[in-house]
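Peer 1: Please find the sequence and the predicted model below.
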2 protein chains.
Amino acid sequence: MDKKQVALDAIFKPQAVAVVGASDNPWKLGSHVMRSLTEGNYSGRIYPVNPGREEIFGIKTYPSLVMVPEAIDLAIIVLPAEQVPKIINECNEKGVRGIVLITAGFKEIEDRRGESLQKEITELANRFGIKIIGPNTFGITNLHFPLNASFTPEFSYVPKGGISFVSQSGGMSHLMAFLAMSSQVGFSKIIGLGNRCNVDFAEMVEYLEEDPETRVIAMYLEGIDDPRRLLEVAKRGTGRKPIVAYKVGVSQASDQASQFHTGSLAGKHKIYEAAFRQSGILTVRSSEELLDTAKALALSILPEGKRVAVLSGQAGPGMAACDVCEMEGLSIPPFSPKTRRIVETLLPPLAIRTNPVDMGPAWYDSAAIKGTVEAVLEDEQIDAILFCIMFASANRAAVRILADFFLGMDRKKPIICCISAPEGIWDQEIKRIEEAGIPNYPTPERAAKTLANLVRYKKLEGK
Amino acid sequence: MDKKQVALDAIFKPQAVAVVGASDNPWKLGSHVMRSLTEGNYSGRIYPVNPGREEIFGIKTYPSLVMVPEAIDLAIIVLPAEQVPKIINECNEKGVRGIVLITAGFKEIEDRRGESLQKEITELANRFGIKIIGPNTFGITNLHFPLNASFTPEFSYVPKGGISFVSQSGGMSHLMAFLAMSSQVGFSKIIGLGNRCNVDFAEMVEYLEEDPETRVIAMYLEGIDDPRRLLEVAKRGTGRKPIVAYKVGVSQASDQASQFHTGSLAGKHKIYEAAFRQSGILTVRSSEELLDTAKALALSILPEGKRVAVLSGQAGPGMAACDVCEMEGLSIPPFSPKTRRIVETLLPPLAIRTNPVDMGPAWYDSAAIKGTVEAVLEDEQIDAILFCIMFASANRAAVRILADFFLGMDRKKPIICCISAPEGIWDQEIKRIEEAGIPNYPTPERAAKTLANLVRYKKLEGK
């Protein structure tokens, strides 16, 4: 393993963690970090560092980092900015390889001292071979290890899964984590890069591409200093792991805000989008789309082409899905004669038995639905299925049977769903369907848009 | 009251309801309708009609409608299509003024008999002065009365509020109702027009404009036979109650599906959009946007113009909001010198104190946030506030105090929020903020898009 890998492993998978500036005063960030570590079920050793305390959260506390009697992998620092250079020197003495630097007041402030201080700590860290996440970050969370090295204890409750989210904004990381919690989307890592001393998007992408618990890399960017490195790393990795990026700064107002926020101009948006595309990075336009798309890339196989069969239990949602499909450049072609014959046998005349299919009176007939899905998956004219069904009393049992069928199925084409019911009715079925690699969305339009993004990604991957 | 009003009141506020084709066999729609009425806490009298049963759901059952010993306002019919003309004659005999005709097999089927049967029952109903919702519908739900006259008992649990949803699609009504349930958006009425015998969108809009429990009319359309009538009714009512419409059929595939589904071509989409605009109807492009926009129109006051102040607790979500604002034609102008002075006093130098405001280190300082909101509301350069804040341990208390402040505030400008936290943390605060007329959204982009729609609606209203 190279040094960089070792340092980043020290951050994401440490055996021992020190919290420099630990506290049990609930008004201080140092107490939130302590709560994150303890509530997050971190199984390694925790060493609070605070010269004024004997014990914090019931854990023996040391007056300084160098007094800790054991080797430390990761130091989480929450002390004021001016003390940070000294602490980094102590980290080196102690053999610490990774730092999560939560402290603000570096490059992001107007005062030039902030910038020079950031330069100073970057040079120190580089000289010592230490990797720093931050400064000016909430921290990181590795849900699989588990390790919550952030000032937000609630990140420990984000569902576990395959998406690693790398963000330039703490606010956006919180938004995404809460969206993931409310919609049960699984994350692997949440990473707040902050001001990026010596760990930028490029390093993180390289690291996550080797990480067995990361299936998809989702990024939120404002503006970065060295886009070329990220693009090179992404291009080299094309086809290995999907990368999906949401970059703000389209507007003048947000471009300016970006400069204040993390000291980087958001830069020309169109140029970024084109460069991302050429490097195999899929771009999206909202936080919701970022989560929807990352989820599909984490769960689903990819379509070979853009020809979609829309199968809907009720016509309205199917039509809404069709509109989005066509607007996004997908096609909804006629079925092959063979498929058409099968579908006409399975579905009654009151159904619409051409593509888009409205199952009509068969919407609660799970055998007919199953048969239709099977026939359409076999059809060489079709690359993917968009499947919509809304709950009503008459079809309660249908989705139960459908879930079993989806689970047992050997498929080479993706199915994207909008299965909708009041809370508590189909929750278990939807969970099982997603575990079978079939992502579900709350509206037909979001399902269709996500399928279009899978098609776009497949094209990028082929480049 | 005119006859039409009487007939529609008989449907939405009946004193006595007959279910013609009632059942307690859980595989039959007649049983779901019985469950809807009973679980929905309907307080009027229920008369199941079924010649083969003495009692259904513990309620005395009659062999035919004419045998019911009391006057009936509303008949819900779930018998096969060919029996419907006879039942409508009985309805007339019995003095029934309103019918919810759930039965399918009319104009929507390929067989020409369906069309002639629909013509026959329409002529009967018109002659008798009876209004029919349907055929081929799930029914209607009036959450305020309350009355659930549909085959979906779960509609009884949709939160009560000011949005009346009128839909050509049962599937879309179910989708919208479930979205409303999961996001706690309040509905007044859910209306499935089905094949539209003699109650079309125009009649419903006229009726709902007089309905004190309807604040906003939300519509889902595929294609309608007589758009001119709807447009006239809408234009006449401009400025009274907002109407927001989601019309599918942009794509060729869905246009064709529409013809099959309810016997109407979706028609030229662009022409519809322009005509809607001229009649003061706000158009949207997805089910999610329909719900988001209807909610804001139901809860919020309207902005006088398009100049937005973006106030954000964290920079990232604020920038995402700015991008959407500018893409949607809103402006984010500089504050007046007075506002700027106040904001500079309240917020520390590490914050961004120009528009868009990043409260930065003051994100947990409720006094600073309050003062900033107050100053910006006074600023004559600003028409509306977009307010974003993400939860973190440090600001848990801030939104509690903010909720009190919002509740006690006398405002002439709208505030649209994206206040985001894990479930259970700020739920009560968000509920109180919404009750104060400040709608909240799960992402900054959806909040910004909704504000843009309020600005668009204000312009339409002024025409």
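Peer 2: Yep, it's here. Computed from a predicted model, the values in this text were never measured in an experiment.
Peer 1: ok, the residue nearest to A:Ile109 when sequence neighbours are not counted - how many residues close by?
Peer 2: Nearest residue to A:Ile109 in three dimensions, chain neighbours excluded: B:Leu350, at 5.8 Å (C-beta to C-beta, 6 or more residues apart in numbering or on different chains). All C-beta atoms are positioned from the backbone trio N, CA, C, and that covers glycine. Residues lying near B:Leu350 (other C-beta atoms under 10 Å in any protein chain shown) number 20.
Peer 1: looking at it, A:Pro334 is touching A:Thr354, isn't it?
Peer 2: Yes. A:Pro334 sits in contact with A:Thr354 when judged by C-beta atoms under 8 Å, with a separation of 6.5 Å.
Peer 1: Give me the more crowded residue out of those two.
Peer 2: A:Thr354 (18 against 11).
Peer 1: Return the residues of the stretch 201-350 of chain A in contact with chain B.
Peer 2: A:220, A:222, A:248-254, A:257-258, A:260-262, A:266, A:286-288, A:310, A:312-320, A:322-327, A:332, A:349-350 (C-beta under 8 Å from any C-beta of the partner chain).
Peer 1: Mind checking what helix or strand follows the one helix or strand in chain A whose mean pLDDT sits lowest in sequence?
Peer 2: Least confident helix or strand of chain A, by mean pLDDT, DSSP states H and E, is helix A:252-262 with a mean of 65. Sequence order places helix A:269-278 as the next helix or strand after helix A:252-262, per DSSP states H and E.
Peer 1: Does that following helix pack against any helices or strands, and if so which?
Peer 2: Judged by 3 or more C-beta pairs under 8 Å, 6 or more residues apart in numbering or on different chains; DSSP states H and E, helix A:269-278 is in contact with helix A:227-236, strand A:243-247, strand A:281-284.
Peer 1: Output the ones you listed as CSV; include the columns mean pLDDT.
Peer 2: Shown next, in CSV, are the helices and strands packed on helix A:269-278 (pLDDT from 0 to 100):
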stretch, mean pLDDT
helix A:227-236, 92
strand A:243-247, 97
strand A:281-284, 96
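Peer 1: now the farthest one out in chain A, which residue is it?
Peer 2: Most distant from the centre of chain A: A:Pro349, at 44.1 Å, with distances by C-alpha atoms, centre = their mean.
Peer 1: need the contact list for that one.
Peer 2: Residues near A:Pro349 by C-beta atoms under 8 Å, 6 or more residues apart in numbering or on different chains: B:Ile109, B:Glu110, B:Asp111.
Peer 1: These in helices, which ones?
Peer 2: Among the contacts of A:Pro349, no member is found in helices (DSSP state H).
Peer 1: Name the helix or strand for the nearest residue to A:Leu179 once chain neighbours are set aside, please.
Peer 2: Among residues not flanking A:Leu179 along the chain, A:Leu291 sits closest, at 5.4 Å (C-beta to C-beta, 6+ apart). If you go by DSSP H and E, A:Leu291 is part of helix A:287-299.
Peer 1: Find residues that contact each of A:Pro334 and A:Thr354.
Peer 2: A:Arg340.
Peer 1: Now A:Ile352. Nearest residue, chain neighbours left out?
Peer 2: A:Asp358 is the one closest to A:Ile352 (C-beta to C-beta, 6+ apart), at 3.9 Å.
Peer 1: circling back to that earlier point, give me every residue that touches the residue nearest to A:Ile109.
Peer 2: A:Ala104, A:Gly105, A:Glu108, A:Ile109, B:Gly360, B:Pro361.
Peer 1: how about a cut-off of 10 Å?
Peer 2: A:104-105, A:108-111, A:114, A:136, A:260, B:358-362 (C-beta atoms under 10 Å, 6 or more residues apart in numbering or on different chains).
Peer 1: Among those residues, name the least confidently predicted one.
Peer 2: Lowest in pLDDT among these is A:Phe260, which has 59.
Peer 1: partners of the closest residue to A:Ser173 other than its chain neighbours in the sheet?
Peer 2: Of all residues not flanking A:Ser173 in the chain, A:Ser167 sits nearest, at 4.5 Å (C-beta to C-beta, 6+ apart). Note on A:Ser167: beta-bridge partners by DSSP bridges are A:Gly192, A:Tyr220.
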